[in-house]
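S.K.: with the sequence up front, the predicted model follows.
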Amino acid sequence: MVRGWTIVNRRFRSGHRDIDLVVQRGNTVAFVEVKTRRDDEYGDPVTAVDHRKQRELTRSALVWISRYGRADVEYRFDVIGILIDQQARVARVKHIENAFWSARA
């Protein structure tokens, strides 16, 4: 349990797509995408979760909901971006709750 969240699934696979983490706290289930970068050459890792990736996550979430979902649960999509500064030997972590909305999930 991390900050009150229970990990329900790690790397939930649906065909060739996956969801990095499915976590639950109370009546909220979050589908979490984690992106890590060694530097910011390609921008903030959070921006890598573009429209195409959001669509893939939504499709995988719908499969998860069809298998394990309940009507009394609220669903959301979170994104965690990790930027590793190798010289300083630190990692910056950015957690975006409700990073995007999907009418389908």
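M.R.: Noted; the coordinates are in hand. Residues are numbered from 1 along each chain as shown.

S.K.: from V22, how far off is G43?
M.R.: 26 Å (CB to CB, to the nearest Å). Bear in mind the C-beta positions are built from the backbone N, C-alpha and C, glycine included.

S.K.: the two: who's more crowded?
M.R.: Neighbours per residue (other CB atoms under 10 Å) separate G43 from V22, with V22 holding more: 21 against 11.

S.K.: that one pairs with what?
M.R.: N9, F31 (DSSP bridges).

S.K.: now the spatially most central residue of the chain: how far from I65?
M.R.: Nearest to the mean C-alpha position of the chain, by CA atoms, centre = their mean, lies V32 at 1.6 Å. Counting by CB to CB, the separation of V32 from I65 is 15 Å.

S.K.: give me the number of residues near the residue nearest to T28 when sequence neighbours are not counted?
M.R.: Take T28 and drop its neighbours on the chain: the residue closest to it by CB to CB, 6 or more residues apart in numbering is E74, 5.0 Å away. Counted with other CB under 10 Å, residues neighbouring E74 total 9.

S.K.: the helices in the chain, which residues?
M.R.: 51-68 (DSSP state H).

S.K.: ok, I82 touching R92?
M.R.: Yes - when contacts are counted by CB atoms under 8 Å, I82 is listed as touching R92 (7.3 Å).

S.K.: T58 is in contact with A99, correct?
M.R.: No - if you go by CB under 8 Å, A99 and T58 don't touch, sitting 12.0 Å apart.

S.K.: now do the strands in the chain.
M.R.: 6-14, 17-25, 28-37, 74-85, 90-100 (DSSP state E).

S.K.: I'd like these written out as CSV, with mean pLDDT and distance to V49 added.
M.R.: Listed next are the strands of the chain as CSV, based on pLDDT from 0 to 100; distance: least, CB to CB, whole Å:
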stretch, mean pLDDT, distance to V49
strand 6-14, 95, 16
strand 17-25, 96, 11
strand 28-37, 96, 5
strand 74-85, 94, 5
strand 90-100, 93, 7
